[in-house]
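J.: structure here, sequence nowhere to be found:
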């Protein structure tokens, strides 16, 4: 029950909010960027300096405390620029307020200038960006788009936001609200204690978003590429907001006043909150007070983010706890709702669940998953498609995949497979089954999309590409399930690893076939003689299969004739038989690829791809020997000087690569060259052998 409550509480932090135009982290970065631009234009003429700008940035989310302020909260402090201008003047003119109060007032105003003139309007980005396509989705799309942009903001500005402070000008707000009430511009006001309580109650919203963003950044970094594509049209609206805040600072943040107090009135006359209600309510008030103090310092804010992240990770990484999380989410997400507000919260809950737990879904699929059970609005569907076209996206909201991008992923699979084949299972830097499965899943997904997006294949081959996409989705789910099994359950981990490896092999084989077809068609070109070239390649491969089968038969006969006491000779023969059998399997697989290649739409393939086409297929690197030559005379199994030299070169290349991979990353050019040298040394060793 406690776990269920925690999940619902986390959801509440993220959902139970008013419709702001940008979320708290985005507001912080808008203020940060606007300050840097204003500083460039104004020089040292600003009251905001390198020593105190964090206070200005930390004041950016504070106007959204309106959602926790209750019925007496003056709405004009959330959406009326003139009201906030008057608050700034109070901070500057009243001697009881210090420089920090002015900075917090400027930060508060930055929030309004970022959204009231632009983003808050009916044509503002959060109001027009379409994420969901259910009936009457406006409020839902507003919440999801601003939340997604906040996740991206954290991902792109993690270093700046790691220790971002969150501050509220309590005494200044009390005075400004009282002044507005006195002048008749508002009908209600709040005391300092009520303002502080509202501020503390708002803080979990900021913490919750940072915790989820940190979790996704560490556990689903690839999701941010999809988010960035889906919301690629956010940048111009953000630039508009930044420019509006910059211009405001140039007008109102000048060093044109004097202050005897550098700090804040809150430091001189601190506000305390009386603990009222039940023991649980008192405990909550106390915890929020501690949270408020922690978020006023950079180190404290960073610590709270990490603690919250570990709470989320602990709840999702343990299979028993995760099931409770999911049950809580499903319980609050029936497929019907009595109102749009209730429905929107249920969809957002499910959306959040998809982000945190459904690793097998892409971002567009997460949105579809969140809306399951609700009827789409046809006009909204068409409007979203129009947005995608304008962004250069496919109809489902994903970025078009080029064949070059897919082949990079294919080559990464080949690199991992080569390293796994070269190194023993106990080598600590040898890629494990999970790494190979993840690389195969990505390559399979991208090669399927590239074939579909570029119309590279038709008919049965296109169906095969769609089949590969289905396998990659299943593999993604297996990867997720495997990761979610705790290490304290080793037997289940071992069983799941077997299932993962089996599906990975199936996926890998299909991916190799389709990627080789593309390579073959690129090698053949688009000329009139391409079919003749293909026929020649098929005949040559058939001939090599026959020769390899003959060599295997001769090797087995020779192995049977070799005395049992001649262990060295028998061992070499046995190794050669295994190599030939592997070569035979590769040749047969390659023949299948050649036979399938006639179904590829070669006219749709690019004439120049930007990646090297192998002069010989990768799957038949060990060809099985020279055509028609008997490889197995008695002399051929002796350890000849050329073989010993090749073996020494291989060992040298092995050591060189091993040393480099421990010091540098796998994609380092020097490491890649060392791997190529090792592959060539291994090939020469096998030839000599």
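T.: Received it, and whenever you're ready, just let me know what you need. Note that the structure is predicted; figures quoted are calculated from it, not measured.

J.: what sits against residue 37?
T.: By C-beta atoms under 8 Å, 6 or more residues apart in numbering, the contact set of residue 37 is 242-243, 246. (C-beta placed from N, C-alpha, C; glycine too.)

J.: now do residue 597
T.: The neighbourhood of residue 597, defined by C-beta under 8 Å, 6+ apart, consists of 517, 520-521, 524, 534.

J.: buried members of those residues into PyMOL, please.
T.: Those of the contacts of residue 597 that count as buried under 16 or more other C-beta atoms under 10 Å are selected in PyMOL with:
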select buried, resi 517+520+521+524+534
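
J.: got JSON lines for the contacts of residue 597, with pLDDT too?
T.: Below are these laid out as JSON lines (pLDDT from 0 to 100):
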{"residue": "517", "pLDDT": "88"}
{"residue": "520", "pLDDT": "85"}
{"residue": "521", "pLDDT": "80"}
{"residue": "524", "pLDDT": "79"}
{"residue": "534", "pLDDT": "84"}
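
J.: which of the contacts of residue 597 sits closest to residue 392?
T.: Taking C-beta to C-beta as the measure, residue 392 sits nearest to residue 521 out of those, at 26.2 Å.

J.: how close does that closest one get to residue 548?
T.: Separation of residue 521 from residue 548 (C-beta to C-beta, to the nearest Å) stands at 25 Å.

J.: likewise for residue 159?
T.: In this view, residue 159 and residue 548 are 57 Å apart by C-beta to C-beta.

J.: neighbour count for these two, which is higher?
T.: Neighbours were counted for residue 159 and for residue 548 using other C-beta atoms under 10 Å; residue 548 has more, 23 against 7.

J.: where's that one relative to residue 461, distance?
T.: Residue 548 is 27 Å from residue 461, by C-beta to C-beta.

J.: who touches residue 24 in this structure?
T.: Taking C-beta under 8 Å, 6+ apart, one finds 60-61, 64, 150, 166, 205-206, 209 in contact with residue 24.

J.: hmm, try it at 6 Å
T.: Counting by C-beta atoms under 6 Å, 6 or more residues apart in numbering, residue 24 makes contact with 61, 206.

J.: can you count the residues close to residue 262?
T.: Other residues within reach of residue 262, judged by other C-beta under 10 Å, total 10.

J.: is it true that it lies in a helix?
T.: No: using DSSP: H, G, I helix; E, B strand; the rest coil, the assignment for residue 262 is coil, not a helix.

J.: quick check on it: phi, psi?
T.: Main-chain dihedrals, residue 262, degrees, to the nearest 10: phi -80, psi -30.

J.: the residue nearest to it when sequence neighbours are not counted - how many residues pack around it?
T.: Leaving aside its chain neighbours, residue 262 sits nearest to residue 99 (5.0 Å; criterion: C-beta to C-beta, 6 or more residues apart in numbering). Residue 99 has 22 neighbours, counted by other C-beta under 10 Å.

J.: try residue 187
T.: Residues lying near residue 187 (other C-beta under 10 Å) number 10.

J.: did I read that right, it in a strand?
T.: No: Residue 187 sits outside any strand when classified using three-state DSSP, being coil.

J.: what sits up against stretch 500-510?
T.: Stretch 500-510 has contacts (C-beta under 6 Å, 6+ apart) with 433, 437, 440, 444, 468, 471, 475, 478, 482.

J.: quick one: mean pLDDT over that stretch.
T.: Over the span of stretch 500-510, the pLDDT mean works out to 94.

J.: quick one: low-confidence ranges for the stretch 551-689 of the chain?
T.: By pLDDT under 70, the low-scoring segments of the stretch 551-689 of the chain are 598-644, 647, 666, 687-689.

J.: in it, which spans are helices?
T.: Here the stretch 551-689 of the chain has its helices, by DSSP state H, counting those that start in this stretch, at 567-597, 641-663, 669-688.

J.: of all those helices, which one comes closest to residue 512?
T.: Each of these was scored for nearness to residue 512 using C-beta to C-beta, and the closest is helix 567-597 (7.5 Å).

J.: if you count neighbours, what's buried in the closest one?
T.: In helix 567-597, counting by 16+ other C-beta under 10 Å, buried: 569-570, 572-573, 576-577, 579-580, 583-584, 586-587, 589-591, 593-594, 596-597.

J.: tell me, how many residues neighbour residue 265?
T.: Neighbour tally, residue 265, other C-beta under 10 Å: 24.

J.: likewise for residue 455?
T.: Neighbours of residue 455 (other C-beta under 10 Å): 12.

J.: that's a strand at it, yeah?
T.: No: according to three-state DSSP, residue 455 belongs to no strand; its state is coil.

J.: and it, backbone torsions?
T.: According to degrees, to the nearest 10, residue 455 has phi 50, psi 40.

J.: any idea how far residue 465 is from it?
T.: Distance, residue 455 to residue 465, by C-beta to C-beta: 11 Å.

J.: what do you get for residue 675?
T.: 29 Å.

J.: top of the contacts of residue 37 by neighbour count?
T.: Per-residue neighbour counts (other C-beta under 10 Å) across the contacts of residue 37 peak at residue 246, which has 25 neighbours.

J.: which elements pack onto the one helix or strand it maps to?
T.: Using DSSP states H and E, residue 246 falls within helix 235-252. In terms of contacts (3 or more C-beta pairs under 6 Å, 6 or more residues apart in numbering; DSSP states H and E), helix 235-252 is packed against helix 24-42, helix 99-114.

J.: please point out which parts of the shortest one sit buried.
T.: Within helix 99-114, the residues that qualify as buried are 99-114, counting by 16+ other C-beta under 10 Å.

J.: average pLDDT across that helix?
T.: On average, helix 99-114 scores 96.

J.: who touches it?
T.: By C-beta under 6 Å, 6+ apart, helix 99-114 touches 27, 30-31, 52, 55-56, 59-60, 62-63, 81, 84, 87-88, 91-92, 167, 169, 172, 241, 244-245, 248, 253, 259, 262-265.

J.: next, the angle helix 24-42 makes with it.
T.: Comparing the axes of helix 99-114 and helix 24-42 via axes from the mean of the first three to the mean of the last three C-alpha atoms, to 10 degrees yields an angle of 100 degrees.
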